[in-house]
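> coordinates only, sequence not included:
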């Protein structure tokens, strides 16, 4: 499957690069050009890295499927009065 449309990089290419010793997102980005144009593929590239087992080392993702939950901030409403 094509992961990076801009540079035509597939998941197979990413996995092959990882098998050859690339173990960080920065290396993949430099060598393959992923996430250098529009950046929409970064999450998918990191997912492929996690599936390949290099995530725990240097890919920058703590958990492959972690979902950040935003903190709830209380809202304050102010009433405007006509002058």
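Sure thing, it's come through. From a predicted model like this one, the values you see are computed outputs, not experimental measurements.

> Could you look up the SS state of residue 18?
helix (DSSP: H, G, I helix; E, B strand; the rest coil).

> Could you measure from it over to residue 79?
Taking Cβ to Cβ, to the nearest Å as the measure, residue 18 falls 58 Å from residue 79. Where you see a C-beta, it was placed from the backbone N, CA and C, and this is true even at glycine.

> Would you mind measuring from the closest residue to residue 34 other than its chain neighbours to residue 14?
The spatial neighbour of residue 34 that comes closest, neighbours along the chain excluded (Cβ to Cβ, 6 or more residues apart in numbering), is residue 4 at 4.4 Å. In this structure, residue 4 and residue 14 are separated by 9 Å, where distance is defined by Cβ to Cβ.

> Residues that sit against both of the two, list them.
Residues touching both residue 4 and residue 14 comprise 32, 34, 45, with contact defined as Cβ atoms under 8 Å, 6 or more residues apart in numbering.

> pretty sure the last one belongs to a helix, no?
Going back to what we said before, that points to residue 45. Yes. When three-state DSSP is applied, residue 45 is found to be in a helix.

> Pull the contacting residues for the nearest residue to it once chain neighbours are set aside.
In space, and not counting its chain neighbours, residue 45 is closest to residue 34: 5.0 Å by Cβ to Cβ, 6+ apart. Residue 34 makes contacts with 3-4, 7, 9, 14, 28, 41-42, 45, as judged by Cβ under 8 Å, 6+ apart.

> next helix or strand past the helix or strand encompassing residue 14?
Element membership for residue 14 (DSSP states H and E) is helix 11-19. With elements assigned by DSSP H and E, the helix or strand that comes after helix 11-19 is helix 25-32.

> got the buried residues for that next one?
Judged by neighbour count (16 or more other Cβ atoms under 10 Å), helix 25-32 contains these buried residues: 25, 28-29, 32.

> need the helix or strand of the protein with the lowest average pLDDT.
Of all the helices and strands that make up the chain, the one with the lowest confidence by mean pLDDT, DSSP states H and E is helix 55-58; it has a mean of 54.

> So the residue nearest to residue 34 sits against residue 38, correct?
No. Residue 4 is beyond contact range of residue 38, at 9.1 Å (criterion: Cβ atoms under 8 Å).
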